[in-house]
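[1] next come a sequence and a model predicted from it.
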Amino acid sequence: MTHLVVHGKEIATDKDGFLKHLDDWSPDVAAALAETVDIQLTDTHWELISLVQEFYQKFGLSPAMRPLIKYAKFELGVDKGNSLYFLQHFPGSPAKILSKVAGLPRPDNCL
Amino acid sequence: MHFLYLFTHQAYGHSLAREALDMALATAAFDQKISLVFLQDGIYQLLSSKDASSIETKPHCGVISALPLYDIENIFYLATDRDDRCINQESLLAHATAISPSDLQALMASADRIQSF
Amino acid sequence: MSLCFAILVTGQSYSDQSSATALRFCKAVLARQHQIYRVFFFNDGVHCANSYITPPQDEKALPDQWQQLQQEHELDLVVCVSSALKRGIIDEKEAQRYEIGGHNMAEGFSIGGLGQWVDACISADRIIRFGN
């Protein structure tokens, strides 16, 4: 089984690096998850992590890219609510990587 | 293309209510025009009350509230379904609009693809 | 005139007549020289792809019949991934991804996403759902 080690504790993930047990999430686990995709978390990363967690709290969904950007535009303004800004922070597929680092369920394969 | 979805299941009795909404979300991702009509008991999906924890389920209104973020803005119900069930206008999510049976007929006539769940 | 159909199956096999009706409908459509763009198994319809289904000897196994039709007509039988995983219908690839010790999706079916149903809706002349 795949796992991360954070403060000596084994944290189980699936093969794509998503947490198996969402209760395992903590800021330190987030940093470790980010490291698996070569991202060092800064304050601006954390702002987006909080945003995606808030999205999940509100809607019960791990967001796809388009609704996430729309939501960010609304909550953080146009300077941050655009895909370039998200790509700079979480290169590749920002919505998917953010869901992983923020401890959300893996986004629905269908959407 | 204009996709019209008619939803007739209440929120929690059968998984089709939730999974059919996922289908609408997927359709939106393909840049299609989408209209949703919550018919008959389907109108209960539009209730804004948030707590489903007593049945250990995620609240259905979460995904309903997210619809505009997925570019689904045309959300309707029949005023007659609301009145038949003695539902207060105020307890329904604000972004849903009451229509008449003849509006529904017009909507169905204008749609290219109609599916009901 | 030849028509192209997109078929959505949402009925549970054996509990519900609808998936057997879908199968018979597909056979009838093909026998009349129409086409089937895709059959999409969604919600409880995904159970149609369970290769472990073991009916009594005097009843036909529905997955076998879908499979046979698939082979004869090169049908595109797509099982919705999120419906399937929740209901324990798993192919080899998903079994590896989730580290599950076995897989039960019948041959001839493939795992896909809702996008493939939307594509079918856009491309076909008629869409028909089988299920309650």
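    Received the coordinates, thanks. All values reported here derive from a predicted model rather than from experimental measurement. Residues are numbered from 1 along each chain as shown, chains lettered A, B, ... in the order given.

[2] tell me what the helix or strand bottoming out on mean pLDDT in chain B is packed against?
    Within chain B, confidence by mean pLDDT, DSSP states H and E is lowest for helix B:60-66 among all helices and strands, at a mean of 92. Contacts defined by 3 or more C-beta pairs under 8 Å, 6 or more residues apart in numbering or on different chains; DSSP states H and E place helix B:60-66 against helix A:43-59, helix B:16-29. (Each C-beta comes from the backbone N, C-alpha and C, glycine too.)

[3] tell me the pLDDT of A:Met1.
    Looking at A:Met1, its pLDDT stands at 64.

[4] how many residues are close by A:Leu19?
    Burial measure for A:Leu19: 23 neighbouring residues, criterion other C-beta atoms under 10 Å in any protein chain shown.

[5] now swap in A:Val29 and tell me
    By the criterion of other C-beta under 10 Å, A:Val29 has 19 neighbours.

[6] ranges for the strands of chain A?
    For chain A, the strands defined by DSSP state E occupy A:3-6, A:9-12.

[7] lowest-confidence stretch among the ones you listed?
    Least confidently modelled of the strands of chain A is strand A:3-6, at a mean of 86 by mean pLDDT.

[8] show residues contacting that strand.
    Strand A:3-6 is contacted by residues A:Glu10, A:Ile11, A:Ala12, A:Thr13, A:Ser26, A:Asp28, A:Val29, A:Ala32, A:Leu33, A:Thr36 when judged by C-beta atoms under 8 Å, 6 or more residues apart in numbering or on different chains.

[9] so which bits of that strand are buried?
    Going by neighbour count (16 or more other C-beta atoms under 10 Å in any protein chain shown), the buried part of strand A:3-6 is A:Leu4, A:Val6.

[10] contacts only, for the residue nearest the centre of chain B.
    In chain B, the residue lying closest to the centroid (C-alpha atoms, centre = their mean) is B:Phe38, at 4.2 Å. By C-beta under 8 Å, 6+ apart, the residues touching B:Phe38 are B:Phe7, B:Gln45, B:Leu46, B:Ile75, B:Phe76, B:Tyr77, B:Asp81, B:Ala96.

[11] so of those, which ones are in helices?
    Secondary structure defined by DSSP state H assigns B:Asp81 of the contacts of B:Phe38 to helices.

[12] any idea how far the closest residue to chain C within chain B lies from A:Ala64?
    Going by C-beta to the nearest C-beta, chain C is nearest to B:Ala26 of chain B, at 3.6 Å. Using C-beta to C-beta, to the nearest Å, B:Ala26 is found at 10 Å from A:Ala64.

[13] list the contacts of stretch C:68-86.
    Contact partners of stretch C:68-86, identified using C-beta under 8 Å, 6+ apart, comprise A:108-110, B:15, B:19, B:22, C:23, C:26-27, C:30, C:36-46, C:49, C:66, C:89-90, C:94, C:98, C:105, C:108-114, C:116-117.

[14] endpoint to endpoint, that stretch covers what distance?
    Taking C-alpha to C-alpha, to the nearest Å, stretch C:68-86 runs 26 Å from one end to the other.

[15] out of the helices and strands packed on helix B:60-66, deepest packed?
    helix B:16-29 (a mean of 22; mean count of other C-beta atoms under 10 Å in any protein chain shown).

[16] what does that helix rub up against?
    A:64, A:66, A:108, A:110-111, B:3, B:5, B:7, B:9-11, B:34, B:36, B:42, B:45, B:60, B:63-64, B:67, B:70-72, B:115, B:117, C:10, C:42-43, C:82-83, C:113-115, C:117-118, C:121, C:131.

[17] could you pick out the buried ones from those residues?
    A:64, A:66, A:108, A:110-111, B:3, B:5, B:7, B:9-11, B:34, B:36, B:42, B:45, B:60, B:63-64, B:67, B:70-72, B:115, B:117, C:10, C:42-43, C:82-83, C:113-114, C:117-118, C:121, C:131.

[18] okay, now A:Leu68: neighbour count?
    So A:Leu68, with other C-beta under 10 Å, has 25 neighbours.

[19] measure the nearest residue to it once chain neighbours are set aside to A:Met65 for me?
    Excluding the flanking residues, the one nearest A:Leu68 by C-beta to C-beta, 6 or more residues apart in numbering or on different chains is A:Ala95, at 5.2 Å. Distance of A:Ala95 to A:Met65, given as C-beta to C-beta: 4 Å.

[20] the helix or strand bottoming out on mean pLDDT in chain C near chain A anywhere?
    Of all regular secondary-structure elements in chain C, judged by mean pLDDT, DSSP H and E, the least confident is helix C:92-97 with a mean of 91. Yes - looking at helix C:92-97 against chain A by C-beta under 8 Å from any C-beta of the partner chain, the contacts come from C:Gln96, C:Arg97.
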